[in-house]
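Novice: Next come a sequence and a model predicted from it.
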Amino acid sequence: MMLEEIGNHLLKTKYGNFHLFGFNYGENRQNVIALTSINKHSSKSSDLRIQYGCLYATAFFSLDCDCGFQIEYTLKSLKDSDFGIFVYFPEYEGHGIGLDNKIRKIALDLNKQTTENNSSHLEKFPGYGSDVLWVVPLILDKLNAPKDINLWTNNQQKVIVLTSHGLNISETICLPKNVEHNLAIS
Ligand SMILES: [Zn+2]
């Protein structure tokens, strides 16, 4: 259980300025990023969004999944938070199944012209879901973040797992759904 800061710096984005913290975590020293927007140091609560890596959305602006829309929506919102934190796991493609498996899975699904949401199938893949969320409380400690958490998510599983890791989630804020998208793995 380790988390080590790599460095931090100001990051200018089209949604506003954030402070970026880079960390390594775990035995394989994987990367995790936290963008913060702190407008009120005495804030009692943190606005927290956790998102997993999605090359399709971030490199290609794919409209087949919600990731790009969710990044945009939450960064726009968090920049005005009293204490906003956006945690991003760049190496956690497809919720941790990896880019190889994600490509295979999407190809399989689209080639079968599956229209139903297959996200339940993802649970068969090792790593899917939330096995990396133990890192989040360590990040919040490093950032001296307020302990009451407003979690921005549509995923109740995240709430359960984060609570099991000791976070006090006082409120869950749902994100609006984007227009229709095709990919079960986002
Ligand atoms: Zn995506």
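Specialist: Arrived safely, thanks for sending.
Novice: interface residues of this structure facing the ion?
Specialist: For the chain, the contact set with the ion under CB under 5 Å from the ion comprises 54, 57, 65, 67, 186. Any C-beta I mention is one placed from the backbone N, CA and C, and that applies to glycine too.
Novice: So the fourth one is in contact with Phe60, correct?
Specialist: Read it as Cys67. No. Cys67 is beyond contact range of Phe60, at 10.9 Å (criterion: CB atoms under 8 Å).
Novice: Which parts of the chain are strands?
Specialist: Counting by DSSP state E, the chain has strands at residues 3-13, 16-25, 30-38, 45-52, 83-89, 148-152, 168-173.
Novice: coming back round to it: and the residues of the chain next to the ion as CSV, adding neighbour count?
Specialist: Compiled in CSV, the residues of the chain next to the ion are given as follows (neighbours: other CB atoms under 10 Å):
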residue, neighbour count
Cys54, 27
Ala57, 22
Cys65, 20
Cys67, 21
Ser186, 23
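Novice: Tell me which entries of the residues you listed lie within helices.
Specialist: 57, 67 (DSSP state H).
Novice: For the residues of the chain next to the ion, which two are the farthest from each other?
Specialist: Within the residues of the chain next to the ion, two members stand farthest from each other by CB to CB: Ala57 and Ser186, at 7.5 Å.
Novice: Give the intersection of the neighbour lists for these two.
Specialist: 65, 67 (CB atoms under 8 Å, 6 or more residues apart in numbering).
Novice: is Ser46 in a bridge, and if so with what?
Specialist: Ile149 (DSSP bridges).
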